[in-house]
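**Student:** Everything below, folded, please.
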Amino acid sequence: MPIVVRLDVMLALRKMRSKDLAAKIDITEANLSLLKSGKVKGIRFATLEAICEELDCKPGDILDYEPANGN
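**Tutor:** Down below sits the predicted model:
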């Protein structure tokens, strides 16, 4: 999939554990894990907003686009 989730990078930069972020934004650790691994088809804007607010970042810091053909 051309959309790459870089949530693990932002968590490391902010020295925060997934478990702590999940608790602060009120989602399950399992759902956060699925998001981190890129195994989700979408994300609600409210969830993305909560993540960005908690990690003090922008959506572009978490989501990236890498074309499938490598261009």
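**Student:** Counting neighbours, what do you get for residue 49?
**Tutor:** Using other Cβ atoms under 10 Å, residue 49 is surrounded by 12 other residues. Bear in mind the C-beta positions are built from the backbone N, C-alpha and C, glycine included.
**Student:** Quick check, pLDDT for it.
**Tutor:** Looking at residue 49, its pLDDT reads 97.
**Student:** what does residue 68 give?
**Tutor:** pLDDT, read off for residue 68, is 81.
**Student:** Tell me who's in contact with it.
**Tutor:** Residues in contact with residue 68, defined by Cβ atoms under 8 Å, 6 or more residues apart in numbering, are residue 2.
**Student:** Could you tell me whether it really is in a strand?
**Tutor:** No. Under DSSP: H, G, I helix; E, B strand; the rest coil, residue 68 sits outside any strand and is assigned coil.
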